[in-house]
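[1] here are the coordinates; sequence isn't available:
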């Protein structure tokens, strides 16, 4: 088996722009992409399969199984660029697989005359208040659009690992302008707050508006989980200090 893309709906996109968001740090890119797909009512039209995904299958509620996959969705935008979304169950597990899948996505985009691509992901940093969105691009004008939409320029030397980085790096070989948006996140839990920051930047850039109320509810749930984790850690640390004091207070006699 090789990496392949199977279309089950024919589309005729107008000046399409691709937005990619796969699982990664804080699941930021996937959360943001899936939220846009749901809110805009985008239609799935193609699936990507690859032997470079993890070697297990997904079981649904009816007991049926399927391979891990990537999914392409399409949304017709009457006021600007049509949008093609790419998300999925997982990233490739090998270096070779990362390059192969990125190349397959870009070939697919090129056949549909895609000229612009935006990748989404997480930037490992504890956010001070509202998470910032870090931007980098292959095209200075594309980057300026992101900065005008309240993104911040990426620090030099910052590595962007995985599909989000490779798509941007390889896009120039297909004549595609590419931008990467990364939301500040702790990285170890799904982070809807970082995803919201990215969505706000995208809305300003693309003149697309979606209702963020459902995402705000997820943020509230996430904050509750984090607070409980902090309380557990505080209790653990208090217990550890008491234990250490008790051990230090013991007197040992050696005869």
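    Arrived safely. Note that the structure is a prediction, hence the values are computed from the model and not measured. Residues are numbered from 1 along each chain as shown.
[2] mind picking out the helix or strand in this structure with the poorest mean pLDDT?
    helix 213-249 (a mean of 80; mean pLDDT, DSSP states H and E).
[3] list the buried residues in that one.
    Residues of helix 213-249 classed as buried under the neighbour-count rule (16 or more other C-beta atoms under 10 Å) are 215, 218-219, 222. (Glycine included, C-beta is placed from N, CA and C.)
[4] repeat that for stretch 63-82.
    For stretch 63-82, burial by neighbour count (16+ other C-beta under 10 Å) applies to 68-75, 77, 81-82.
[5] between the two ends of that stretch, how far is it?
    Taking C-alpha to C-alpha, to the nearest Å, stretch 63-82 runs 36 Å from one end to the other.
[6] tell me the SS of residue 118?
    Three-state secondary structure (criterion: DSSP: H, G, I helix; E, B strand; the rest coil) places residue 118 in strand.
[7] so residue 135 is in contact with residue 168, correct?
    No: Residue 135 sits out of contact with residue 168 when judged by C-beta atoms under 8 Å, with a separation of 10.7 Å.
[8] mutual contacts of these two, please.
    With contacts taken as C-beta atoms under 8 Å, 6 or more residues apart in numbering, the residues that reach both residue 135 and residue 168 are 179-180.
[9] so what pLDDT did residue 110 get?
    You'll see residue 110 listed with a pLDDT of 94.
[10] residue 169 is in what secondary structure piece?
    Per DSSP states H and E: residue 169 is located in helix 163-171.
[11] which elements pack onto that helix?
    For helix 163-171, the packing partners by 3 or more C-beta pairs under 8 Å, 6 or more residues apart in numbering; DSSP states H and E come out as strand 17-20, helix 95-111, strand 116-124, strand 177-185.
[12] at 10 Å instead, please
    Counting contacts by 3 or more C-beta pairs under 10 Å, 6 or more residues apart in numbering; DSSP states H and E, helix 163-171 packs against strand 17-20, helix 28-40, strand 83-88, helix 95-111, strand 116-124, strand 133-137, strand 177-185.
[13] would you mind listing the buried residues in that helix?
    The neighbour-count check on helix 163-171 (16+ other C-beta under 10 Å) flags 163-168, 170-171 as buried.
[14] also stretch 82-90?
    For stretch 82-90, a neighbour-count test (16+ other C-beta under 10 Å) marks 82-90 as buried.
[15] mean confidence score for that stretch?
    So the average pLDDT for stretch 82-90 ends up being 97.
[16] ok now it, how far from the chain's centre?
    10 Å (C-alpha atoms, centre = their mean, to the nearest Å).
[17] for the most centrally placed residue in the chain, list the residues it contacts.
    Nearest to the geometric centre of the chain sits residue 29, at 1.3 Å (C-alpha atoms, centre = their mean). When contacts are counted by C-beta atoms under 10 Å, 6 or more residues apart in numbering, residue 29 touches 19-23, 87, 119-122, 162-164, 180-183, 194-195, 198.
[18] tabulate the buried residues of helix 163-171 (JSON lines), appending distance to residue 56 and pLDDT.
    What follows is the buried residues of helix 163-171, written out as JSON lines (distance: C-beta to C-beta, whole Å; pLDDT from 0 to 100):
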{"residue": "163", "distance to residue 56": "19", "pLDDT": "97"}
{"residue": "164", "distance to residue 56": "23", "pLDDT": "97"}
{"residue": "165", "distance to residue 56": "25", "pLDDT": "96"}
{"residue": "166", "distance to residue 56": "24", "pLDDT": "97"}
{"residue": "167", "distance to residue 56": "25", "pLDDT": "97"}
{"residue": "168", "distance to residue 56": "29", "pLDDT": "97"}
{"residue": "170", "distance to residue 56": "28", "pLDDT": "97"}
{"residue": "171", "distance to residue 56": "31", "pLDDT": "96"}
